[in-house]
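In: any chance you can model this:
(2 chains)
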Amino acid sequence: MEENIREERRKQAILARHHIYKEKVQPQSYVSSLPPSEREEFIEKQRAANAVKLRRRKVKSSIAKVFGVIFLSGAAFIAIMPIFFTFLNSFMSSSEIEGNYGVVFQSLPGSTNEASRFIDEAPQLQLIPQEVSADQYSEILLKNPSYLFRYWNSILLTVPIVIGQLAVACMASYSFMRYRKKRREVLFFFYIILMLMPFQVTLVPNYIMNQTLNILDTPWAVILPGVFSTFSVYILTKYMRRIPKAYIEAAIIDGAGEWQIFTKVVMPNCKAPVAAMAILLFIDYWNMVEQPLVMLQDEGMQPLSVFLSKVNVGDIGLAFAACALYMIPPLLIFLRGEDQLVEGISQSGIK
Amino acid sequence: MLYATYRRTVFELGVIALERLRHSLFKLKEWGAGSGFLLPSFAGVLLFFIVPFLMLIKISFQKSATISEFAGLKNYKDVLTNEAFIQACGNTALFTAVTVPAAIVISLLLALVLNSQIPGKSTFRSLLLTPMMVPVASIVLIWQVVFSYNGVLNGWTYQLFGLERIDWMKDHGQLLTMFLFLWKNLGLNIILFLSALNNIPQEVVESSLMDGCGSIRRFFSIRLYYLGPTIFFVGIMSLINSFKIFREVYLLTGNYPYGKLYTLQHFMNNKFTRLDYTQLSVAAVILSIAMMIIVGILFFIESRIDKGVEE
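Out: Modelled structure (predicted):
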């Protein structure tokens, strides 16, 4: 009995399928409706038109490319030119620099004789030094030790800040990643506000605290506030929150403690942003002018960046070499770590 | 009978209390494990930012830093009517309001050009990123050579086109600082935008192409939508960096620059050298309140952007 019913149904299904296929109308296109002779002609015409369109698009895109390259080369030229010229000028002899740029520096606002701003002389930016000499470098490195001392000061201030801040920030951002309760979020928001505070605002509280702790005029007055600055906490937390929760849950199930999760699960995933932050912090603190200017009254302790600003007015002959030397460590770090910087920073930028 | 009920209630209460204690102990443990990591940072922040800031607020209401007599709002009135302060605020606000959007737009433009099939993409990227790595102190020298009144730029325009010389530092100081800011900070923004552009889901872009969407429409309806969080992030980074322009101005023109270049940082610095703590603290308090309002607005916007992208 059931067999019969099944047979019936199968037949009906087959019929239905046939029916549907028969119902389907063959689509009639414009081309197939044409008679064969016209059809050939039509296709030829369309092909020609398409070829023209394609060619036009190619020309358009290549023009756009040329414009893009010109635009970018202009931007890149502006970006790289000052650095390039500083290095070139550092190989001039002092007298040549005096001859070239003496006019320029006499007319600066800080200079004594402002009358010379009306001297009608157009200075040239010398591309290639007339006589290549390493005078400036030998003067700075061998004869005048104060540059090297300031250089050492810069290193002494920058390296502890970078290492200390990263160590503190990694732990803090781990905590911000693991516990996202209400109070913690409020604290995080407070950290962000601290990070966004303009420099001179945080400088005042720092100064007062340094005064009460009696560490003014020691390197600690610059280092300690730098270590507890919250910029890297923000970036690292942003990155850490993108690590999948499952990693941490798996570690917990396997019986890992907080410290183990931190060192074995979270930190190995955060190599790129930590490297990027190290580079960013290094350049930022290598660059610093304001903190040492306020915190360190003793000239012997100030880093090269503050010292350079005073050199500019005095002996221009040596300034270019000093500037070039000061540029070298960050540029070397950049060459070595560009990929990490790009990766780490861009990862924390996108949500 | 009554006694039995009484005993049972006491017993139950005891059990409940014990449970509560255990629960709170557990919570404490959980909280402590996470907070241990926060402790060094939080202690430092407390020591170097929060506590001294409270001291600042106290000083701002005093007659002077040493005389702890309550002076009411007199100090605030003094600072808010100080012309130098108002000018400094105006200059800084103008600078930030112009440069942050400019930095976003220009770097987005450059990133879009870089993102189209251009030969030598990574070279251009590294070249554009290099200015970020150069210390301000060492690059200022060359800017002085280029932009001073007797400088190279004026020399070139004079020789090539016979143009009148322009005193960039005096008359167009703000333009100059904006240029210096953009020169330094565009590279980082470009990187951020590039990676965001690469992260836009290709299906969406392709389907929009199938639907006959032009490049302009594609940019405004699709790319800009996915770039939202990155634009916010770039804005924050630019905002932070825009307050650091003081370095350039200080190294270019010294402690007392021409009127238009007088930024808030100059005001604070000059007060520092005069050891005028009450005014300093008042200015710091006012600034931080203003910053809190700005940050609040920013994060309100961010939360709305986030909602949009997640849906």
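
In: any idea which helix or strand in chain A has the lowest mean pLDDT?
Out: In chain A, no helix or strand scores lower on mean pLDDT, DSSP states H and E than helix A:94-106, which sits at a mean of 65.

In: can you tell me the SS state at B:Ile142?
Out: helix (DSSP: H, G, I helix; E, B strand; the rest coil).

In: what's near enough to touch it?
Out: Contact analysis of B:Ile142 by CB atoms under 8 Å, 6 or more residues apart in numbering or on different chains lists A:Pro82, A:Phe85, A:Thr86, A:Asn89, A:Cys323. For every residue, glycine as well, the C-beta is placed using N, CA and C.

In: the host helix or strand of the first one close to chain B?
Out: Right, the one you point to is A:Pro82. Assessed by DSSP states H and E, A:Pro82 sits inside helix A:36-89. Yes: with CB under 8 Å from any CB of the partner chain as the criterion, chain B is reached by helix A:36-89 at A:64-65, A:68-69, A:71-73, A:75-76, A:78-80, A:82-83, A:85-86, A:89.

In: now that helix, how far from the centre of its chain.
Out: Between the centre of helix A:36-89 and the centre of its chain there are 29 Å (CA atoms, centre = their mean, to the nearest Å).

In: tell me the mean pLDDT over that helix?
Out: The average pLDDT within helix A:36-89 is 87.

In: so which elements touch it?
Out: Secondary-structure packing of helix A:36-89 (3 or more CB pairs under 8 Å, 6 or more residues apart in numbering or on different chains; DSSP states H and E): helix A:30-33, helix A:316-349, helix B:83-115, helix B:121-129, helix B:136-147, helix B:173-198.

In: of all those, which lies closest to A:Glu3?
Out: helix A:30-33 (47.4 Å; CB to CB).

In: and that closest one, how far out from the chain middle?
Out: Worked out by CA atoms, centre = their mean, helix A:30-33 lies 59 Å from the chain centre.

In: tell me what it is packed against?
Out: So helix A:30-33, by 3+ CB pairs under 8 Å, 6+ apart, packs with helix A:36-89.

In: now the angle from the helix it packs on to helix A:316-349?
Out: 140 degrees (axes from the mean of the first three to the mean of the last three CA atoms, to 10 degrees).

In: angle of helix A:36-89 against helix B:136-147?
Out: Between helix A:36-89 and helix B:136-147, the angle comes out at 100 degrees (the same axes, to 10 degrees).

In: what angle sits between helix A:36-89 and helix B:83-115?
Out: 130 degrees.

In: mean confidence for stretch A:210-222?
Out: Stretch A:210-222 comes out at a mean pLDDT of 82.

In: which parts of it are buried?
Out: Buried positions in stretch A:210-222, judged by neighbour count with 16 or more other CB atoms under 10 Å in any protein chain shown: A:Asn210, A:Ile215, A:Leu216, A:Thr218, A:Pro219, A:Ala221, A:Val222.

In: any idea how far stretch B:8-26 is from the middle of the chain?
Out: How far stretch B:8-26 lies from its chain's middle: 50 Å, per CA atoms, centre = their mean.

In: how about that stretch, does it reach chain A?
Out: No: with CB under 8 Å from any CB as the criterion, chain A is not reached by stretch B:8-26; the gap is at least 14.3 Å.

In: same thing with stretch B:232-249?
Out: Yes: applying CB under 8 Å from any CB, one finds stretch B:232-249 in contact with chain A at B:Phe233, B:Val234, B:Ile236, B:Leu239, B:Ile240, B:Phe243, B:Lys244, B:Phe246, B:Arg247.

In: and what of stretch B:67-83?
Out: No: for stretch B:67-83, no contact with chain A is found by CB under 8 Å from any CB; the gap never falls below 13.2 Å.

In: can you get me the start-to-end distance on that stretch?
Out: 26 Å (CA to CA, to the nearest Å).

In: contacts for it next, please.
Out: With CB under 8 Å, 6+ apart as the test, stretch B:67-83 has contacts from B:Ser60, B:Phe61, B:Gln62, B:Lys63, B:Phe85, B:Ile86, B:Thr278, B:Gln279, B:Val282, B:Ala283, B:Ile286.

In: and the helix or strand A:Val201 falls within, what does it pack onto?
Out: Element membership of A:Val201, judged by DSSP H and E, is helix A:199-213. The helices and strands touching helix A:199-213, judged by 3+ CB pairs under 8 Å, 6+ apart, are helix A:220-227, helix A:290-295, helix B:51-60, helix B:264-273, helix B:277-310.

In: distance from the chain centre to the shortest one, please.
Out: Counting by CA atoms, centre = their mean, helix A:290-295 is centred 25 Å from the centre of its parent chain.

In: go on, the fourth one?
Out: The chain centre lies 20 Å from the centre of helix B:264-273; the measure is CA atoms, centre = their mean.

In: please export the alpha-carbon coordinates of it; CSV is fine.
Out: Presented in CSV, the C-alpha positions along helix B:264-273 are these (Å, rounded to 0.1, in the frame of the first residue of the first chain):
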residue,chain,number,x,y,z
LEU,B,264,49.4,79.0,26.5
GLN,B,265,52.6,77.2,27.2
HIS,B,266,54.5,80.5,26.9
PHE,B,267,52.2,82.0,29.5
MET,B,268,52.8,79.1,31.9
ASN,B,269,56.5,79.1,31.3
ASN,B,270,56.8,82.8,32.0
LYS,B,271,54.8,82.4,35.2
PHE,B,272,57.2,79.6,36.1
THR,B,273,60.2,81.7,35.7
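
In: which parts of that helix are buried?
Out: Quick answer for helix B:264-273 (16+ other CB under 10 Å): B:Leu264, B:Gln265, B:His266, B:Phe267, B:Met268, B:Asn269, B:Asn270, B:Lys271, B:Phe272.

In: same list, these, but only the ones touching chain A.
Out: B:Leu264, B:Gln265, B:Met268, B:Asn269, B:Phe272.

In: looking at those residues, spot the one nearest A:Leu332.
Out: Nearest to A:Leu332 among those: B:Gln265, at 30.1 Å, using CB to CB.

In: what angle do the longest helix along chain B and helix A:220-227 make?
Out: In terms of residue count, the longest helix belonging to chain B (DSSP state H) is helix B:2-45. For helix B:2-45 against helix A:220-227, the angle by the same axes, to 10 degrees is 120 degrees.

In: angle of helix B:2-45 against helix B:51-60?
Out: Using the same axes, to 10 degrees, helix B:2-45 lies at 80 degrees relative to helix B:51-60.

In: check which helices and strands helix B:2-45 sits against.
Out: The contact analysis (3+ CB pairs under 8 Å, 6+ apart) places helix B:2-45 against helix A:145-178, helix A:182-196, helix A:258-260.

In: hmm, the second one touching chain B?
Out: Okay, so that is helix A:182-196. Yes: judged by CB under 8 Å from any CB, helix A:182-196 comes into contact with chain B through A:Arg184, A:Leu187, A:Phe189, A:Tyr191, A:Ile192, A:Ile193, A:Leu194, A:Met195, A:Leu196.

In: just the buried ones from the residues of helix A:36-89 next to chain B?
Out: Neighbour-count burial (16+ other CB under 10 Å) applied to the residues of helix A:36-89 next to chain B gives A:Gly68, A:Leu72, A:Ala75, A:Ala76, A:Ile78, A:Ala79, A:Pro82, A:Ile83, A:Phe85, A:Thr86, A:Asn89.

In: nearest residue to the fourth one in space, ignoring adjacent ones along the chain?
Out: So that's A:Ala76. Excluding its sequence neighbours, the residue lying closest to A:Ala76 (CB to CB, 6 or more residues apart in numbering or on different chains) is B:Leu127, at 4.0 Å.

In: what's the neighbour count on the one you found?
Out: Applying other CB atoms under 10 Å in any protein chain shown, we find 19 residues neighbouring B:Leu127.
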